[in-house]
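Visitor: Here is a sequence together with a model predicted from it:
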Amino acid sequence: MAVLTLRKARTIIRKTFETGREMGLKPLSVVVLDAGGHVIAFEREDGSSPGRFPIAQGKAYGCVMLGMGGKAQMARAETQAYFMQAANGVYGGKVVPVPGGILLRDSRGGVIGAIGVTGDTSDNDAVAGLAGAAAAGLTGEA
């Protein structure tokens with residue numbers, strides 16, 4: 001099983017920020033979690049709102065705990081709101097089921113962690129985060 005290292009987490013964050021600037025996005029905040037939902041690294045760009053950490057963490061946390069990317073979580077919330085409400089209750093309200101949460105898997109399909117990106121539109125957050133995953137040599141599920 002691949003390990004999500006601090007070095008890879010920092011690469012993810014750096015490339016996510018670079019991509020956001022290239023796209024002309026608002027200042028971003030990015031968190032990288034391990035497979036247990038624990039923070040490996042977090043940074044927010046200058047000008048990013050101070051309350052962005054729990055949003056980024058919630059996007060990534062839902063990915064790890066539910067084994068699905070943010071877009072899949074949002075689709076599930078739209079079609080089965082009761083399920084997402086129950087899951088969010090189980091996880092103490094920590095799940096933010098929208099794009100910008102990116103699940104990371106190893107080559108065998110095992111979950112190795114997740115990225116949470118927030119600051120612009122959720123769809124733009126996801127695009128920037130996927131670029132970060134690719135820069136670290138990982139495949140992400142938005």
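Guide: Sure thing, it's come through.

Visitor: quick one: the longest strand anywhere in the chain to chain centroid distance?
Guide: Using DSSP state E to define each element, the chain has its longest strand at strand 111-118. What separates the centre of strand 111-118 from the centre of its chain is 3 Å, taken as C-alpha atoms, centre = their mean, to the nearest Å.

Visitor: now do stretch 77-88
Guide: Here stretch 77-88 is found 19 Å from its chain centre; the criterion is C-alpha atoms, centre = their mean.

Visitor: Spatially central residue in this structure, please.
Guide: Closest to where the C-alpha atoms of the chain average out (C-alpha atoms, centre = their mean) is residue 116, at 2.3 Å.

Visitor: just checking, that residue touches residue 101?
Guide: Yes - look at residue 116 against residue 101 with C-beta atoms under 8 Å: they come within range, at 5.6 Å. From N, CA and C alone the C-beta is placed, and that goes for glycine too.

Visitor: shared neighbours of those two, anything?
Guide: 58-61, 63 (C-beta atoms under 8 Å, 6 or more residues apart in numbering).

Visitor: Pick the one among those closest to residue 37.
Guide: For the shared contacts of residue 116 and residue 101, the closest approach to residue 37 (C-beta to C-beta) belongs to residue 61, at 5.3 Å.
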